[in-house]
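In: Only the shape, not the letters, is given here:
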């Protein structure tokens, strides 16, 4: 259980790192949307390993194939099944994983929960699992863009102690993609890249923060009291591997202000009700208010490090894990499309829910 | 839509601030649990207005009544319907709310979404809505405690800039309840109370952070990949009014560490696999690992302040809102049982889901 | 679990025969629908005991109260909570039920499943449970009528061996309500009433068939492959107490025809695609085709009879149940509004789902 | 929407007749179940075209492949993805389908609902869609058999006017599979086969009734009030292509009895509470009572016939459809595994739900 996401634009993902492949089924996609693999592949390319010197080198082309749900290049309204075949399978590279529980990985909890696990490459707990989300997210982003005028964009805002200055209202996709760390502040980006390279050489890893903005969201998306827009965004983000925190608008920093300082005054502007500030992050009472939606997601440093670590083996004996081979010094560049995907999935789902109830 | 929470222990809440009442239906509660109103009322008392000098003075006894689902003081396995009648109704006190959209409240977004709203006391957007959750949460906490040995406990960890030092592994309910701000660090608590009183007198409000711990959670709760335990906790917390952020374990601060620093080493202890540190917050790969689950929730300062504010009226004209009457200078003491309730609802739901799939 | 119905127009019912009351919460009702108790009560009156000499005499006014979700006589888009207080409670009349399992009732299965049951009046298994559905169904019927031009109408088509001749395309509500058995064929109705009276005097009971028609359903409602319109109708009908069968369009009789005989030819008519016959029952491939939707529901004879019956007691001993007091000789007249309610709930749910996906 | 079935053992199917393939994802399968393609293929072989002279001759091997969710021949508790590649694709054979709406098929309703359709081989409306269900049903049957001691078995009970005599309590799989029509009454089977051959030669088709029995179901499965066991069975059955009716236990015939005749008396037998008759069909109050569950499903004659038919084309002009090529004279033999699959899916889902709530 737990492998589906969304109520009306509902995705179900499947697949292990070293099984037949990784895939997703989308149920509820509106019909007559133009859709081919070319709409999906770019986001998978942003997600895939080996795309630059600062990410994990696993060699996977990750070519997506649409198996159902389209006809003549358009969606049918029926389930869209997409998958990527696993190629770079080296189960022998994971022999330690068969016998030891890697610290801060999910080896132990999966074993304890299910009484069995696919230890090859982490099985279902591998970041490869996110292929399905990213593929479905690409469809969601397309619908948002073409049918609702909504743009979803994420970027790396912080790597360890290095922070970037980015204007949520003006940042562009081109700026984000202009460097391999996906930070639109070029000065910060260079420092981040250097840091990650240094960390990689040390066999260690770093985490950081991804910020995501959704511009053009109309007033009215979000379903209180439980399915508030920010609640579903929070769930989507915390469902990503390695994420540890979420904040919307002013977030944790907002707790330092008084109500008078924090409130977003309403003013008429261009015939519309607008707020003069946006500490709310574009959502009030769980419903979008027409301002830019923005939020931040914390990612811990990747758990795989190339240093000996204390752990326990499958026979319940203390042991030392000597990691070897390749590792991912910083998940952030690859997590950017994941964050966008989950945000887009939440937003399109709420767009359809709003249409259902309120016409 | 959006007024239900949980998959197997599923609650549906209803009610507006100034309608017939506020209630909740629980579907999926295990049968034969001893349950009377006396199990519910204490948490409602911790939630209700007027309980101390630092919270909103609205006079509501908030007496809960169980209408169905029990027989001879035990649950039947059928839906448990509980409600609280609205009593302190003063629609005239809210006349401005009929004509103006209060800044950083949900008046405008509800009006825009639904084309109608109950402006009396905020209607569905009132914090009174949380009565249903807190009542259901009391049932969830009882099940967790009696049937799974799990204790859920929340406390105020920060008020504006004032922070408390609290040990998540040893803090007690008695410590939390020993002062009106619900902060177990007595020195910090006194400062917090003084701050809130000062802010109240100034007609302003402050926010802060609530921490929540769940001790005794067994290995194996959580349903990857989307219904990870932390993902559902995040959703539950961000569904609370005024919450702006969530972090599990090391959270945002964890982004400053390297992987080597952040990883929780496994060691055998008392015949069990344990971690020597707990930066993971008791969850790895979306599944509880047997350590204490702990997380933090950011709450913004309450939007109602007794100062004139720029806003827009229902005729789309700029206007000045002159608030009057009573206000809540700090939602945190009353939000403590809300956080516990949502945490307990998530945990009991996952306990049942684990039982369903893995026996 | 299992006390909610519908995806987007979602109801949750609660209540036992002899508890605080019976109620329902509707989540997902479109906003700005005019709605007061006067819209609900008539269907509850059609459902309630004591309405005529051929139904059970239990004295219940069954006055409905709307507790939330409306403001100024219009729906808010928030949950609509409705309830009916239990009044005619005579637990002493049910003393045998405390100690014996009534044949073909649910006493035994509830006891076995939950390990506990409210034996007073049957608890949750009482037909009083249907109050919540009928109340919600009245709202659904109003939406269908006012916003989609769809009329839902049920009637008694058969009582034991007595059958009525009714034209599904022209039968009116007035005809149905013109007699106490709710059969629009007046000649058959008189015979049915005499049969039921005779059966009542004999302390026995009879079953029969209710037919339901939905006229004005537009093309396009229904969500293959699992949530076909007829599949959800079948589920709704088989969820009614005492129902044993469902058939859509030609139903079981259609199995006697060949494909050539059974196919509904398409022809243009009034600029629209129509079928010349309607053996499909208005649904093809799980989706409404613009013709009248009609189906039949079989109800077994009510299990309560005033004759001694072999059974088993709660101590697992063979015993004789000597029923006494009042009984319901035929559930059909009161089941008519139940069938309409479930049909309307299915239809309005699919109307919203169609709007969500296809705009 | 509508392509998922089940709450806890949840399947999502995808695929069109002439797309990349047909598949299913199972979410919620218990871990550590032995499972390979060899457990699935036999039921697909019973479902596939070309298996005998009395079914449609489309040539498809329908070889299933498990893509995820197993490791070392056992289930992991993660999603199980299975698919069958489409092979016998002859879009040219369907040129009429591109321009005309076949009577009593779903061409028109799909076109009207979605504004687009894959007309090749019927696209999603093809009976090939049922591959996913049958594959998932094979897993469900294995779980029921091995973990709960429940056997699910369906057979052809009626073809047009020909009926079989079968004892629901003793019929065996071997008897069912001993002839190509899957009717365990050999005398009736021979007549049925002759009838179907005659009908096939005439270019026509016939329908009939499939009966299904589930033996060994323990007391306690079913979730009133809406998710009664028979309600979910009814939904599952009416979600099958060409099904028009469902009846449980005494069904429509039960309406001819009085309550005294219809009630199933309880008696102690072998230390257990049993019923002396089983007109209830093994379910009382929506919950299984320990007796054999049995029900009947009506299937209309297949809509494809090799005779000219009046219809309408995609330009909204009256037209004549001259069918040609191959057709399926009777869906019943191939529908037997479909009925078993849906029954098993419902039962295993309720087994898990019972375990979740009642431990």
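Out: Great, that's in hand. Keep in mind the model is a prediction, meaning the values are calculated, not measured. Numbering: from 1, shown residues only, chains lettered A, B, ... in the order given.
In: count of residues packed around the residue of the stretch 101-250 of chain A found nearest chain C?
Out: Closest approach of the stretch 101-250 of chain A to chain C (CB to the nearest CB) occurs at residue A:224, with a separation of 8.1 Å. For the C-beta atoms, the positions are set from N, CA and C on the backbone; glycine is no exception. If you count neighbours by other CB atoms under 10 Å in any protein chain shown, residue A:224 ends up with 25.
In: what does the one 10 residues further on give?
Out: Residue A:234 has 32 neighbouring residues, counting by other CB under 10 Å.
In: Just confirm it is within a strand.
Out: No: secondary structure of residue A:234 (DSSP: H, G, I helix; E, B strand; the rest coil): helix, not part of a strand.
In: is it true that it touches residue B:240?
Out: No: contact between residue A:234 and residue B:240 fails when scored by CB atoms under 8 Å: they sit 10.9 Å apart.
In: hmm, back to that, now the residue of the stretch 101-250 of chain A closest to chain C, what are its backbone angles?
Out: phi -60, psi 160 (degrees, to the nearest 10).
In: again with residue A:38
Out: Residue torsions, per degrees, to the nearest 10, at residue A:38 are phi -70, psi -20.
In: which residues does it contact?
Out: Going by CB atoms under 8 Å, 6 or more residues apart in numbering or on different chains, residue A:38 touches no other residue.
In: Which residue comes closest to the residue of the stretch 101-250 of chain A closest to chain C once chain neighbours are left out?
Out: Nearest non-adjacent residue to residue A:224, counting by CB to CB, 6 or more residues apart in numbering or on different chains: residue A:286, 4.0 Å away.
In: pretty sure that neighbour is touching residue B:242, no?
Out: No: in this structure residue A:286 lies outside contact range of residue B:242 using CB under 8 Å: 10.9 Å.
In: In terms of neighbours, single out the busier of these two.
Out: Ranked by neighbour count (other CB under 10 Å), residue A:286 and residue B:242 place residue A:286 first, with 26 against 22.
In: ok, which stretches of chain A are helices?
Out: Here chain A has its helices, by DSSP state H, at A:37-47, A:95-99, A:107-114, A:130-148, A:173-177, A:186-201, A:229-238, A:259-262, A:332-358.
In: Do any residues in the longest one lie close to chain C?
Out: Yep, that's helix A:332-358 we're talking about. Yes: counting by CB under 8 Å from any CB of the partner chain, chain C is contacted by helix A:332-358 at A:352-353, A:355-358.
In: what about that helix, average pLDDT?
Out: Averaging pLDDT along helix A:332-358 yields 98.
In: That helix vs helix A:229-238, what angle?
Out: 150 degrees (axes from the mean of the first three to the mean of the last three CA atoms, to 10 degrees).
In: does any part of helix A:332-358 sit near chain B?
Out: Yes: Helix A:332-358 reaches chain B (CB under 8 Å from any CB) through A:353-354, A:356-358.
In: tell me what that helix is packed against?
Out: helix A:37-47, helix A:130-148, strand A:151-159, strand A:208-215, helix A:229-238, strand A:293-299, helix B:107-114, helix C:332-358 (3 or more CB pairs under 8 Å, 6 or more residues apart in numbering or on different chains; DSSP states H and E).
In: Check which residues of stretch A:318-332 are buried.
Out: A:319, A:321, A:323, A:327-332 (16 or more other CB atoms under 10 Å in any protein chain shown).
In: Kindly report the same for stretch A:352-359.
Out: Here stretch A:352-359 shows A:352-358 as buried, counting by 16+ other CB under 10 Å.
In: any idea how far chain B is from the residue in the stretch 1-150 of chain A that chain C sits nearest to?
Out: Chain C sits closest to residue A:8 of the stretch 1-150 of chain A, with a gap of 5.0 Å, by CB to the nearest CB. In this view, residue A:8 and chain B are 10 Å apart by CB to the nearest CB, to the nearest Å.
In: do residue A:61 as well
Out: Taking CB to the nearest CB, one finds residue A:61 at 23 Å from chain B.
In: pLDDT wise, what is the residue nearest to that residue when sequence neighbours are not counted at?
Out: In this structure, residue A:61 finds its nearest non-sequential neighbour in residue A:87, 6.7 Å apart by CB to CB, 6+ apart. For residue A:87, the pLDDT comes out at 86.
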